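Colleague: Based on what follows, work out the 3D shape:
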Amino acid sequence: MNTLRRVLRKPVGAFALGVLSLVALVSVVSFFWLPQDPNHAGGDIWLSPSAEHWLGTDGSGRDTASRLIAGSRVSFGVALGTGLLASLIGFLLALLGGLGKRPVREVVAVGIDVLVAFPTTLLAIMLTAVFGSGIPIVIAALGIAFGVSMGRVLRAEFRQVAGADFVVAAQVAGLSRTRILFRHLIPSVLPVYIVQVTWTMGTAVLAEASLSYLGFGAPKDVPSWGGMLASTQRFVSIYPEAVVWPGLAITITVLAFFLFGDQLRDALDTRDPGDETAEVTR
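Modeller: Numbering: from 1, shown residues only. Sure, this is the predicted structure:
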């Protein structure tokens with residue numbers, strides 16, 4: 001709670017957390033209520049905002065507000081799923097590659113270098129071509145790709161912290177490897193870990209929108225922000241507002257994830273290395 005208070009004290013942190021909370025709330029509400037059927041194509045196309053159609057309609061007569069609200073659950077769901085999968089993969093790779101025995105470290109290092117060479121979007125397209133399009137495939141592809149990248153960063157952090165004076169002092173004091181891991185190593189890399197997870201979630205929103213725009217993300221009958229951009233980009237010169245709403249939603253959500261990660265890192269990174277050395281004797 002103290003960490004959250006430190007984040008909320010800063011306007012940037014309060015803004016980021018407020019945006020993410022709003023997107024999460026809207027995505028949950030969208031499962032139970034929507035202004036209108038997001039896939040219903042009415043006869044009136046490109047209507048201006050009104051009491052009936054809050055943000056107007058698109059070129060097929062579908063309610064833009066309903067599609068925008070329904071698309072939030074796709075983007076936020078992909079962000080959560082990708083963040084969870086990537087964090088598990090990245091943490092496991094970091095432990096094995098940073099603290100494992102030398103043969104294990106070498107195998108993990110080579111594996112990470114090979115997997116990092118595959119672009120995230122290309123990997124997602126390959127999996128979609130084999131298993132078919134769908135949100136679970138997108139989450140799996142993004143989770144694997146971002147998890148490997150996260151593992152590469154965390155592996156270096158673990159190895160750097162493992163050689164720090166306070167860790168060496170803990171080893172000399174006779175602390176077990178498990179205690180050193182959970183009491184000193186993990187807390188020391190936690191700020192970097194948090195930033196990587198939030199960066200992954202924000203980038204996942206952008207990646208999902210890109211894949212849906214290309215036709216490899218959410219199915220066409222599932223409203224998504226990327227799909228909204230794809231269906232309206234041909235008319236941007238005539239009806240520019242058609243791409244404003246999904247583009248704005250993607251931009252603000254991604255920015256909120258990045259800003260929240262930065263603020264959370266600053267709030268967590270309050271320990272003094274001298275304090276860590278002192279704790280070894282406790």
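Colleague: what helices or strands is the strand or helix carrying residue 84 leaning on?
Modeller: Applying DSSP states H and E as the criterion places residue 84 in helix 64-99. The elements that helix 64-99 packs onto, with contact taken as 3 or more C-beta pairs under 8 Å, 6 or more residues apart in numbering; DSSP states H and E, are helix 11-29, helix 102-116, helix 135-162, helix 186-214, helix 225-232, helix 241-268. From N, CA and C alone the C-beta is placed, and that goes for glycine too.
Colleague: in the fourth one, what counts as buried?
Modeller: Going by neighbour count (16 or more other C-beta atoms under 10 Å), the buried part of helix 186-214 is 188-213.
Colleague: got it, and stretch 51-58?
Modeller: Quick answer for stretch 51-58 (16+ other C-beta under 10 Å): 53, 55-58.
Colleague: Those into a markdown table, with extra columns for pLDDT and distance to residue 115?
Modeller: Listed next are the buried residues of stretch 51-58 as a markdown table, based on pLDDT from 0 to 100; distance: C-beta to C-beta, whole Å:
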| residue | pLDDT | distance to residue 115 |
| --- | --- | --- |
| 53 | 87 | 46 |
| 55 | 90 | 41 |
| 56 | 87 | 44 |
| 57 | 87 | 44 |
| 58 | 87 | 39 |
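Colleague: Which of the residues you listed fall within helices?
Modeller: With DSSP state H as the criterion, helices contain none of the buried residues of stretch 51-58.
Colleague: Report the central residue of this structure.
Modeller: The residue lying closest to the centre of the chain (C-alpha atoms, centre = their mean) is residue 201, at 0.4 Å.
Colleague: Provide a list of residues in contact with it.
Modeller: Contacts for residue 201 (C-beta atoms under 8 Å, 6 or more residues apart in numbering) come out as 79-80, 82-83, 257.
Colleague: what do you get for residue 67?
Modeller: The contact partners of residue 67, taken as C-beta under 8 Å, 6+ apart, are 38, 58, 223, 228.
Colleague: ok, 6 Å please
Modeller: Residues near residue 67 by C-beta atoms under 6 Å, 6 or more residues apart in numbering: 38, 223, 228.
Colleague: Separate out the buried members of the contacts of residue 201.
Modeller: Among the contacts of residue 201, those scoring as buried are 79, 82-83, 257 (criterion: 16+ other C-beta under 10 Å).
Colleague: closest to residue 148 among these?
Modeller: Ranked by distance to residue 148 (C-beta to C-beta), the buried ones among the contacts of residue 201 are led by residue 82 at 12.6 Å.
Colleague: I figured that closest one hits residue 143, correct?
Modeller: Yes - contact criterion C-beta atoms under 6 Å: residue 82 and residue 143 qualify, at 4.9 Å.
Colleague: Mind exporting the C-alpha coordinates of stretch 56-76 to CSV?
Modeller: Extracted C-alpha coordinates of stretch 56-76, given in CSV (Å, rounded to 0.1, in the frame of the first residue of the first chain):
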residue,chain,number,x,y,z
GLY,A,56,-21.6,7.9,-34.3
THR,A,57,-21.5,4.9,-36.6
ASP,A,58,-19.0,3.4,-39.0
GLY,A,59,-19.2,2.6,-42.7
SER,A,60,-21.4,-0.5,-42.0
GLY,A,61,-23.7,1.3,-39.7
ARG,A,62,-22.3,-0.3,-36.6
ASP,A,63,-22.3,1.7,-33.3
THR,A,64,-18.7,3.0,-32.8
ALA,A,65,-19.0,3.4,-29.0
SER,A,66,-20.2,-0.2,-28.6
ARG,A,67,-17.4,-1.5,-30.7
LEU,A,68,-14.9,0.7,-28.8
ILE,A,69,-16.1,-0.6,-25.4
ALA,A,70,-16.2,-4.2,-26.6
GLY,A,71,-12.7,-3.9,-28.0
SER,A,72,-11.3,-2.9,-24.6
ARG,A,73,-11.8,-6.4,-23.3
VAL,A,74,-9.7,-7.8,-26.2
SER,A,75,-6.8,-5.3,-25.7
PHE,A,76,-6.8,-5.5,-21.9
